[in-house]
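**Student:** All I have is the shape, not the residue letters:
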């Protein structure tokens with residue numbers, strides 16, 4: 001059997017590629033993949049809007065909330081929680 005790179009006949013090269021079964025996805029499978037990706041994109045957008053709305057509601061309390069979280073982490077690492 002000749003190595004693949006030494007083959008000069010393109011038909012033999014393409015026939016060998018077809019035997020591998022690569023690139024044989026149905027249109028329905030591709031559409032399902034695209035549908036899942038779009039659904040994930042929409043969910044991420046909705047979660048981003050909810051987080052942004054919560055951040056706007058907290059307003060000036062955000063730095064204090066950050067300090068409280070920082071204090072809890074420090075107390076956890078010092079075993080004083």
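**Tutor:** On my side now, so go ahead. These numbers were taken from a predicted model, which means no experiment stands behind them.
**Student:** The longest helix along the chain - what's its average pLDDT?
**Tutor:** The longest helix of the chain (DSSP state H) is helix 27-58. Average pLDDT, helix 27-58: 92.
**Student:** Which secondary structure elements does the helix or strand that that helix is followed by sit against?
**Tutor:** For helix 27-58, the succeeding helix or strand toward the C-terminus, using DSSP states H and E, is helix 62-77. With contacts taken as 3 or more Cβ pairs under 8 Å, 6 or more residues apart in numbering; DSSP states H and E, helix 62-77 sits against no other helix or strand. C-betas here are computed from N, CA, C, even on glycine.
**Student:** now helix 62-77: mean pLDDT?
**Tutor:** Helix 62-77 carries an average pLDDT of 90.
**Student:** could you give the angle of it to helix 27-58?
**Tutor:** 100 degrees (axes from the mean of the first three to the mean of the last three Cα atoms, to 10 degrees).
**Student:** Give me the pLDDT for residue 24.
**Tutor:** Reported pLDDT for residue 24: 77.
**Student:** From residue 33, how far out is it?
**Tutor:** The gap separating residue 24 from residue 33 is 15 Å, by Cβ to Cβ, to the nearest Å.
**Student:** Residue 25 now?
**Tutor:** 9 Å.
**Student:** One more: residue 59?
**Tutor:** Note on residue 59: its distance to residue 33, by Cβ to Cβ, is 41 Å.
**Student:** Kindly report the same for residue 62.
**Tutor:** 39 Å.
**Student:** related to what we said a few turns ago, the more surrounded of residue 24 and residue 33?
**Tutor:** Neighbours of residue 24 and residue 33, each counted by other Cβ atoms under 10 Å, are more numerous for residue 33; the result is 11 against 8.
**Student:** How much space separates that one from residue 45?
**Tutor:** Going from residue 33 to residue 45 by Cβ to Cβ gives 19 Å.
**Student:** ditto for residue 55
**Tutor:** Here residue 55 is placed at a distance of 16 Å from residue 45 (Cβ to Cβ).
**Student:** Could you do residue 54 as well?
**Tutor:** On the measure of Cβ to Cβ, residue 54 and residue 45 end up 15 Å apart.
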